[in-house]
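*Asks:* Dropping a prediction and its sequence here:
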Amino acid sequence: MAIIVDNDTRLVVQGLTGSEGRFHGLRNRAYGTDVVAGVTPGKAGQDVEGIPVFNTVADAVEQAGANTSLIFVPARFAADAIYEAVDAGIETVICITEHVPVHQMLKAYTYFRGRGTTMIGPNCPGVLSPGKANVGIIPAEIFTEGAVGLVSRSGTLTYQIGHELTQLALGNSTIVGIGGDPVVGSSFIDVIAKFQDDPQTELIVMVGEIGGDEEEKAAAYISEHVTKPVLSYIAGFSAPPGKTMGHAGAIISGASGTAQGKKEALEARGIQVGTTPTEVAQLVADRMK
Amino acid sequence: MDLYEYQGKELFRRVGIPVSDGRLAETPEEARRAAEEIGGPVVVKAQVMTGGRGKAGGVKLADDPADAEAKAKNILGLDINGHVVRRLWIESASDIAKEYYLSVTFDRGAKKPLFMFTTQGGVEIEQVAQENPDALIRLHVDPSEGFQPWVARRLVYGAGVEDPGEQKQIAAIVEKLYRAFVEFDAMLCEINPLIVTPDGEVRALDSKFTVDDNALYTHPDIAEMRDTAAADPLETFAREKGVTYVKLDGEVGICGNGAGLSMSTVDVVAHVGGRPANFCDLGGGGNAEGVVDALEVITRDPQVKSIFFNIFGGITRCDEVARGILEALERLDMSTYPIVVRLDGTNAEEGRKILADAGKENIHPEATMLDGARRAVELAR
């Protein structure tokens, strides 16, 4: 099993002929992901090392059978690319692009939520199901196949925790980077619900950070709906209020969105929060014994 | 990006929200001239991006141009919560019969724009929300549906505005405020207070305006409103260099790659008993030049005593980071800084070898994030 991407994934890369799209599209294919198409308007008929390029996502769906899209287009075209993929009937849309304006995402969010599409990102590292498929920019060699579901708002911090898990001989079912923007397609709750239903996943790690209240909402959801053990890590305890910490969504507004507040909300629901990435990995190892 | 009151009012004016006649002044003489042009009594208002300026003496009524000049002299240079006043907004004085509150903001949780309106304006809105929640009308707008007139009716009737003239004017302002919110890619548009004059005229007496940084490319005129002189000089320097940097108040300079790992590094340094000097994120694809820029920014802070590089290579390649560190040692005077370097992920071994081969005395390699943090804290003592 695993979630979101797996052996059934048939990937189209929107922006395959760009430098990022090409580099990561080919890397994803080298990992074993079934990359069936690329889309770049005006470049239909070309190919990128054997991957056929189409003008539209609709063509990629019709002619190559794509069911998952990976978006690498520049920020000003990202919302359009999301609409196009959803409209073409793509089931899972994963958007890596950073700096998409919030108002554009607000509208797009309302659009795809009504259609049952699974949307991940924007401003995310993608989704990796070790041994099955890698869609995005996560360095797959750090991770091994296993039973820990990992969901995070951050890329590199996820690598850090994945690395620590690997050192302790623990593998992952799926690693999901949901993205660091204030409006992202899937919340912690959306992903945790999938992990709960996934037979391969035995334990869930949620890596949060300052800003918003998604971690608090997830805490309430977990206590009511999730029977698998959940552990957490929160970044940003030393962050000053009112400052954006790298991610557009990582900002403490007034008294809300603090790391301490999130930790307390999680602990109040019986969810253990590790103090350092190393400690989180150790807590996972203790639970998995 | 936050705007000053006068900048927000300029945007209000563009969408047709009534504001008082005003002028910008940076010297007492300019304040005098502004008051002469406006005529009659004026209010001299400090332009600072912090609350409580009234209490701090940053807002004064002036009877005539000479008085405006005198008041301006007093307010310019005032320190309000760490913000030094360098700009004044000279505005025609208003008679106030009532003070309301109106805002539209981006509600992260609901992922929708949120209107808030109350007839109990002029105070902190959090206070109204806490003490008298029923008086605060909250209403979400469906972003794909956009503004519909019923939204304004719900707000106006819900808050109990009874005068038909006021109802009509406020409803029009609600619609215009939503237009400003969408057109200018705002995260927040707030009018507090929204006043009613004794003649029954409704007007925005203050403005709070925040624009989405990611949308500034579509609004070059708003991007130009940024007051670089008011920002922390180090943060401005970092912005010019394209380095994501937030100054903190400690001795251990920190450089990571990616927002989450960089934040976590700051936390871990604090956790092992150190005081982080900054947050600095090389970004996803940090190259050698980016590393030099980051070190230039970090070492401009005179408090910094040691530097901790915590890199987990994904797209970022560790050999590139190592080259950047050596390059910075060549180009900047860094001999007094111990630099602790932890490299993992893409090309980590090559990166470690590059540093080892260089044989620099002030470079201290560490194998893990935790050990690196401990070492950097030790070396800052």
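*Replies:* Everything's here; your move. Numbers count the residues shown, from 1 in each chain, chains lettered A, B, ... in the order given.

*Asks:* list the contacts for residue B:166?
*Replies:* Residues in contact with residue B:166 (C-beta atoms under 8 Å, 6 or more residues apart in numbering or on different chains) are B:196, B:200, B:202. Where you see a C-beta, it was placed from the backbone N, CA and C, and this is true even at glycine.

*Asks:* For the first one, list each beta-bridge partner.
*Replies:* What that stands for is residue B:196. For residue B:196, the beta-bridge partners are residue B:98, residue B:202 (DSSP bridges).

*Asks:* Drop anything exposed from the contacts of residue B:166.
*Replies:* Neighbour counting with 16 or more other C-beta atoms under 10 Å in any protein chain shown marks B:196, B:202 as buried within those.

*Asks:* And the contacts of residue B:166, which is closest to chain A?
*Replies:* In terms of C-beta to the nearest C-beta, no member of the contacts of residue B:166 lies closer to chain A than residue B:202, at 26.8 Å.

*Asks:* That closest one against residue B:171, yeah?
*Replies:* No - using C-beta atoms under 8 Å as the test, residue B:202 is too far from residue B:171 to be in contact (10.1 Å).

*Asks:* where are the low-confidence patches of the stretch 1-150 of chain A?
*Replies:* Under the criterion of pLDDT under 70, none of the stretch 1-150 of chain A is flagged as low confidence.

*Asks:* Residue ranges of each domain in the chain, please.
*Replies:* I'll assume chain A. A:1-123, A:143-289 (automatic domain parsing).

*Asks:* To clarify, I was referring to chain B.
*Replies:* With domains defined by automatic domain parsing, chain B comprises B:21-92, B:98-223, B:233-380.

*Asks:* Pick the most buried one from those.
*Replies:* domain B:233-380 (a mean of 21; mean count of other C-beta atoms under 10 Å in any protein chain shown).

*Asks:* what distance separates the start and the end of it?
*Replies:* 24 Å (C-alpha to C-alpha, to the nearest Å).

*Asks:* chain center to that domain, what's the gap?
*Replies:* Chain-centre distance of domain B:233-380: 25 Å, with C-alpha atoms, centre = their mean, to the nearest Å.

*Asks:* Residue A:263 is in contact with residue A:216, correct?
*Replies:* No - if you go by C-beta under 8 Å, residue A:216 and residue A:263 don't touch, sitting 10.3 Å apart.

*Asks:* ok, back up a step: please render the domains of chain A as JSON lines that adds distance to residue B:29 and mean neighbour count to the earlier fields.
*Replies:* Below are the domains of chain A laid out as JSON lines (distance: least, C-beta to C-beta, whole Å; neighbours: other C-beta atoms under 10 Å in any protein chain shown):
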{"stretch": "domain A:1-123", "distance to residue B:29": "41", "mean neighbour count": "21"}
{"stretch": "domain A:143-289", "distance to residue B:29": "34", "mean neighbour count": "21"}
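
*Asks:* helix or strand for whichever residue of the stretch 201-350 of chain B sits closest to chain A, which one?
*Replies:* At 2.2 Å from chain A, residue B:260 is the closest residue in the stretch 201-350 of chain B, using C-beta to the nearest C-beta. Assigned by DSSP states H and E, residue B:260 belongs to helix B:259-271.
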